[in-house]
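Enquirer: Predicted model, plus sequence, below.
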Amino acid sequence: LSLLSIVVLVLVKELNEQFKRKIKVVLPVDLVLIIAASFACYCTNMEITYGLEVVGHIPKGIPPPRAPPMNVLSAVITEAFGVALVGYVASLALAQGSAKKYKYSVDDNQEFLAHGLSNVIPSFFFCIPSAAAMG
């Protein structure tokens with residue numbers, strides 16, 4: 001299923017690129033592929049057949065804020081530092097690129113503070129760390 005998804009994704013992206021002048025609306029193949037793969041996994045019961053892990057029930061609404069567990073801090077501190085550093089560097093690089101393109105300045109310390117706060121506050125809701133993406 002993964003290989004088929006990759007092949008379909010690459011083929012459709014290439015076709016979109018070749019015919020982008022003739023096609024007015026580009027098909028969101030990524031979204032369609034995710035929906036199709038999810039539906040295929042559900043219909044073929046791959047969870048039981050192949051022992052795949054599924055997400056299961058997703059609760060509605062926003063969870064109440066609570067402090068992250070500190071007992072796992074010693075186990076994840078090195079990985080967390082690496083993720084934070086890479087996220088900050090990527091965000092700063094993109095901010096500086098935009099600043100150069102649109103002729104404004106970026107304060108590295110302010111960017112560091114904003115990036116830190118934008119990841120500390122959501123941690124009470126168990127969110128994924130935020131960072132800029134080069135794509």
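Expert: That came through fine.
Enquirer: give me the low-pLDDT residue ranges for this structure?
Expert: Within the chain, the segments meeting pLDDT under 70 span 135.
Enquirer: Centroid-wise, who is the farthest residue in it?
Expert: Residue farthest from the centre of the chain, counting by CA atoms, centre = their mean, is residue 22 at 31.2 Å.
Enquirer: contacting residues around that residue?
Expert: Not one residue lies near residue 22 by CB atoms under 8 Å, 6 or more residues apart in numbering. C-beta: built from backbone N, CA, C; applies to glycine.
Enquirer: and if you look at residue 41?
Expert: Residues in contact with residue 41 (CB under 8 Å, 6+ apart) are 1, 47, 52, 54.
Enquirer: hmm, back to that, what about the residue farthest from the centre of the chain, which SS state?
Expert: coil (DSSP: H, G, I helix; E, B strand; the rest coil).
Enquirer: for the one 4 residues further on, same thing?
Expert: Secondary structure of residue 26, reduced to three states by three-state DSSP: coil.
Enquirer: Once you drop chain neighbours, what's closest to it?
Expert: Nearest residue to residue 26, sequence neighbours excluded (CB to CB, 6 or more residues apart in numbering): residue 16, at 5.5 Å.
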